[in-house]
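> Only the shape, not the letters, is given here:
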């Protein structure tokens with residue numbers, strides 16, 4: 001199944017303006033998220049890509065040196081995070097930080113995104 005029809009222009013533009021290596025990481029994460037479920041909807045809010053299903057599920061926040069895959073209800077995912085990749089000390093949000101392509105762990109990220117979607121089903 002192609003994700004092309006599900007991608008929005010604002011996110012294309014967001015990625016196009018990033019440094020080259022960060023573009024590659026962000027694009028890869030975008031594909032992983034969209035491949036996780038056809039029910040996830042790509043949106044552009046708060047100056048970054050957000051993905052929702054019955055509410056917000058996850059987001060991508062890029063800077064010059066890294067990309068965060070963030071979860072709005074990350075605090076509720078901590079018990080599912082066997083690899084202890086989730087960071088952050090906010091009330092609910094947590095993120096996984098990637099500085100290079102090798103930091104991307106597709107299967108693990110997909111499992112966390114599924115868990116995050118599950119939280120929104122309840």
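Yep, it's here. For clarity, every value in this text was computed on a predicted model and none was experimentally measured. Residues are numbered from 1 along each chain as shown.
> which residues touch residue 28?
For residue 28, the contacting residues are 101, 104, by Cβ atoms under 8 Å, 6 or more residues apart in numbering. In this view, the C-beta of every residue, glycine as well, is placed from N, C-alpha and C.
> Point me to the helix or strand that includes it.
Take DSSP states H and E as the rule and residue 28 turns out to sit in helix 20-36.
> where along this protein do the strands fall?
Using DSSP state E, the strands found in the chain span residues 41-45, 48-52, 56-62, 67-71, 94-98.
> Would you mind pulling up the elements that the fourth one packs against?
Helices and strands in packing contact with strand 67-71 are listed as helix 20-36, strand 56-62, strand 94-98, helix 106-121; criterion 3 or more Cβ pairs under 8 Å, 6 or more residues apart in numbering; DSSP states H and E.
> Out of the ones you listed, flag the one nearest residue 79.
helix 106-121 (9.5 Å; Cβ to Cβ).
> angle of the closest one against strand 56-62?
140 degrees (axes from the mean of the first three to the mean of the last three Cα atoms, to 10 degrees).
> ok, back up a step: kindly reformat the helices and strands packed on strand 67-71 as a markdown table containing mean pLDDT and distance to residue 50.
Shown next, in a markdown table, are those (pLDDT from 0 to 100; distance: least, Cβ to Cβ, whole Å):
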| stretch | mean pLDDT | distance to residue 50 |
| --- | --- | --- |
| helix 20-36 | 97 | 10 |
| strand 56-62 | 98 | 5 |
| strand 94-98 | 98 | 13 |
| helix 106-121 | 97 | 12 |
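> Can you tell me which of those is nearest to residue 44?
Per Cβ to Cβ, nearest to residue 44 of these: strand 56-62, 10.1 Å.
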